[in-house]
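Student: Please work out how this folds:
(chains A, B and C)
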Amino acid sequence: MIVQFFVPHAVGTQGYELLLQWARIVGAFALVLGIGSLFRTHWDKIRRRRPQYGYSAVTLLSFGLMVWAGIVYGTGEGGLGQRLTEMQNGTAFEWLFDNVQVPLDATMFSLLAFFIASAAYRTFRARNVEATLLLVTAVIVMLGRVPIGEMIYEKMPEVYEWIMQYPAVAGKRGILFGVALGSIATSLRIILGIERSHLGG
Amino acid sequence: MGELLRKLESIDRRWIYLVIFAAVVIPFLMNLKLPVGKHSPSTTAVHDYIEQLPPGSVIQMSFDYSPASMPELEPMAKAVVRHAFEENHRILAMTLHPQGALMIRRALDEVATDLNKEYGVDYVDVGFKPGGVAVILGMGRDIIRVFEDMDARGEKLSAMPMMRDVADYDDIALMIDFAANSLPLAWIGYAHERYGLQIAAGVTAVMATDLYPYWKSEQLVGLINGLKGAAEYEELVGAPGFGVLGMSSQSIAHLLIILFIIMGNIGYFVTRRASQNRT
Amino acid sequence: MADAEQSSQLIILGLSLNPQVVGLWLQAALTFAILSFLIGDNPVYKFAEHLFVGISAGYGVVIVWKQAVLPLLIFKLLPQLGPKPDELADYWVLIPGLLGLMMLARFIPRYDWLSRYPIAFTVGLFMGAGIPAVVQMNLLQQAQATMKPVLGLGSIEWGLALSCLVVLVGVICTLTYFYFSRPHEGVLGVTSKIGIWFLMVAFGAGFGNTVMARMSLLIGRVEFLLYEWMPIVSVHLSKYVQ
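Tutor: Numbers count the residues shown, from 1 in each chain, chains lettered A, B, ... in the order given. All right, here's what the predicted structure looks like:
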């Protein structure tokens, strides 16, 4: 594979393509693996009547509903099922995605706005030089990215860009080089069989 | 004073939640409309690159995000789609993220209908393609083959007029990755470095710091960064939307967070001095 | 929330309720259900949370089935079902199919070991493809970008040259901080200290941008409530007022 990268269209191209296709099929099963273990956890809770097993029923029922809407009624990809005529924009599956999954997912993550505000008040302390440097940079970045920062000091966006393009890039590149060198070492260890933890052994 | 600070420090966090919620809602209710301000060079770089492409170029867009990061990425995706269509470019839409499959339709279909673009001629949606890096590498050899000659609707790609001009990366003028994860790095590593595909990224602000080094090294042609980037792009194409609309609330929220940091630190220093005096 | 759910059921029975309007009410109800967590954990939030997990998992199954398993596996074995009915069946895909099934052996403790083979296959394949990509994109290109502007000073303006020098010094100092084979004393002590400062600026920039991103997420929800849901609410209200 390493040889492949530097010498495209050389021997092994055919076999390489086949391997890539295989990897994609195996990858699809990995997703099934995750969902399978979720199913098992909740089914177990219901079977053993663990406390609050009703919520597990909610999960399994909504899972069933979505699969039913997607596979029995079709996702709008034609061929496999009829469309619900009442759903003006697409199908029942799209309707459930837009009106159930989207608001739940988006709101779940919007909670982070509240948590980071609380953390800003409680935990971000200028305990030493390093922490102060971090906080001052953060404050400049926050001001440099919004209109009001530009009203406070006209050149704020330029200051933001300078920090992002020079000192921050320097720090990031330092990490990149460190990580690149480290990951090459790890890869070689895995290939040579010195490192086996990813096999769970 | 010290007593007050101590009380403030142990305040119920729900008050903080309430204040931050108010800081976001009130600017909308008061119809506060602050100007978006100077455009970032990384955003205009993407805009200018699309502008100089010959009409009819194929721009590939990968919508690698889920509803969780929709507020930042959907406005910018819509603005870039609009720009590409207005310049008469064609769009090949795809995603390597399962949740992206339906995000494509939200960002693409509405704008396409608005501008009278025809499916299969002006744009194609191939949906979710599993396999990550394997897909990126495979596209460099044969795009239709790696997509199994099937679009997101189950139709044959090879029968579509637009796909007659698209064999591999050589036929793609620019690839834009809208992502809330590290997938832009995979695109740079496997499509740009290996096949010379030109890449731009539209990312959440969280990812921006990680991607600046690649823009500075010209491995990315440009970078649209967070809600500000989205607002800038909306202005550049003259179609203000949720990006521009949100910037006033963003201003007030940032001021409030900075105020929180300052108040928290004043409390910290006063209590620390008090405890030092006691010992 | 119960109202909204009932209404969506009524649509399936064929009653004339606009699914878009019902959808907007449902979205708003679920948005408030999740936000209620801020006041404290409660049954409404728990319900919404479990609904989310189920719906997302169901979504995943549908998309993987329709856009991965069907085209990559089933249509290959049984082409008459797919878009290319005249093609010959490709039995080679049985091999990765089998590897995939071996992955699922994780569920049966006795055959757990079977799952190691597909994992070894995938890890091996991507490690092989990964090393050259990492070298090229993170080492060679980034190192070149760090050196280039400094080496070609001649025609460049001084401000820019100075900024590029900042990058060069920063990268070197940061790397010395990661160099653990010798104690950080003397010159190495100074450079690694400066390296930490550069790291702090990078983290600070990352943190500032993260605050921005988190606030945007909340702004997105508020925009939905105010500009998509509220107009519907005011239509309903105006009916009552009249």
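
Student: going forward, measure contacts and count neighbours with C-alpha atoms only.
Tutor: Will do.

Student: Tell me which stretches of chain B form strands.
Tutor: For chain B, the strands identified by DSSP state E occupy B:58-64, B:90-95, B:123-128, B:174-179, B:199-203, B:222-225, in order along the chain.

Student: among the ones you listed, which is nearest residue B:235?
Tutor: For these, distance to residue B:235 was read as Cα to Cα. The smallest value, 13.0 Å, belongs to strand B:222-225.

Student: ok, the residue lying closest to residue B:82 once chain neighbours are set aside - how many residues close by?
Tutor: Here the nearest residue to residue B:82 in space, its sequence neighbours aside, is residue B:111; by Cα to Cα, 6 or more residues apart in numbering or on different chains that works out to 6.3 Å. Residue B:111 is surrounded by 17 other residues when neighbours are defined as other Cα atoms under 10 Å in any protein chain shown.

Student: Can you verify my assumption that residue B:111 contacts residue B:78?
Tutor: Yes - using Cα atoms under 8 Å, residue B:111 is in contact with residue B:78, at 7.0 Å.

Student: How is chain B divided into domains?
Tutor: Recorded structural domains for chain B (assignment: automatic domain parsing) are B:2-32+B:246-278, B:41-240.

Student: longest helix anywhere in chain C?
Tutor: If you go by DSSP state H, chain C has its longest helix at helix C:186-223.

Student: re earlier: chain C is nearest to which of the strands of chain B?
Tutor: Set against chain C and scored by Cα to the nearest Cα, the strands of chain B come closest in strand B:123-128, at 6.2 Å.

Student: What's the separation between residue A:26 and chain C?
Tutor: Look at residue A:26 and chain C: by Cα to the nearest Cα, to the nearest Å, they are 5 Å apart.

Student: Next one: that residue, what pLDDT does it get?
Tutor: Each residue has a pLDDT score; the one for residue A:26 is 83.

Student: Once you drop chain neighbours, what's closest to it?
Tutor: Nearest in space to residue A:26, with sequence neighbours left out and distances taken as Cα to Cα, 6+ apart, is residue C:100 at 4.6 Å.

Student: Same question for the helix or strand containing that neighbour: list its buried residues.
Tutor: Assigned by DSSP states H and E, residue C:100 belongs to helix C:94-103. Using 16 or more other Cα atoms under 10 Å in any protein chain shown as the test for burial, helix C:94-103 gives C:94, C:96-97, C:99-103.

Student: isn't residue B:94 right up against residue B:62?
Tutor: Yes - using Cα under 8 Å, residue B:94 and residue B:62 qualify as a contacting pair, with a distance of 4.9 Å.

Student: of the two, who's got more company?
Tutor: Counting neighbours by other Cα under 10 Å for residue B:94 and for residue B:62 shows that residue B:62 has the greater number, 27 against 24.

Student: so what's the more buried one bridging to?
Tutor: When bridges are taken as DSSP bridges, the partners of residue B:62 come out as residue B:94, residue B:177.

Student: show me what contacts it?
Tutor: Residues near residue B:62 by Cα atoms under 8 Å, 6 or more residues apart in numbering or on different chains: B:93-96, B:175-179.

Student: if we can go back for a sec, quick one: mean pLDDT for the longest helix of chain C?
Tutor: Confidence over helix C:186-223 (mean pLDDT, whole number) is 92.

Student: Please compute how far that helix lies from its chain's middle.
Tutor: With Cα atoms, centre = their mean, to the nearest Å as the basis, the distance from the averaged C-alpha position of helix C:186-223 to the chain average is 20 Å.

Student: do the helix or strand following it and chain B meet at all?
Tutor: Past helix C:186-223, heading to the C-terminal end, the next element that is a helix or strand (DSSP H and E) is helix C:230-241. No - where contact is defined by Cα under 8 Å from any Cα of the partner chain, no part of helix C:230-241 touches chain B; the two come within 11.9 Å at best.

Student: Check which helix or strand residue C:170 maps to.
Tutor: When elements are defined using DSSP H and E, residue C:170 is found to belong to helix C:158-177.

Student: So which elements touch that helix?
Tutor: On a contact count with 3 or more Cα pairs under 8 Å, 6 or more residues apart in numbering or on different chains; DSSP states H and E, helix C:158-177 meets helix A:167-191, helix C:141-151, helix C:186-223.

Student: Show me what counts as buried in the longest helix of chain C.
Tutor: Residues of helix C:186-223 classed as buried by neighbour count (16+ other Cα under 10 Å): C:188, C:191-223.

Student: and chain A, which of these contact it?
Tutor: C:195-209, C:211-212, C:214-215, C:217-218, C:221.

Student: pretty sure residue C:220 contacts residue B:69?
Tutor: No - the pair formed by residue C:220 and residue B:69 falls short of the contact definition of Cα under 8 Å, at 9.2 Å.

Student: Can you tell me the element residue 46 falls in?
Tutor: No chain specified, so I'll use chain A. Secondary structure (DSSP H and E) places residue A:46 in helix A:13-47.

Student: my bad, the chain I had in mind was chain C
Tutor: Taking DSSP H and E as the criterion, residue C:46 maps to helix C:43-64.

Student: now the helices for the stretch 151-279 of chain B?
Tutor: For the stretch 151-279 of chain B, the helices defined by DSSP state H, counting those that start in this stretch cover B:183-186, B:193-195, B:205-216, B:226-236, B:242-278.

Student: starting at the chain centroid, how far to the last one?
Tutor: How far helix B:242-278 lies from its chain's middle: 28 Å, per Cα atoms, centre = their mean.

Student: now do the shortest one
Tutor: In this view, helix B:193-195 has its centroid 23 Å away from the chain centroid, taken as Cα atoms, centre = their mean.

Student: Thanks a lot, see you next time.
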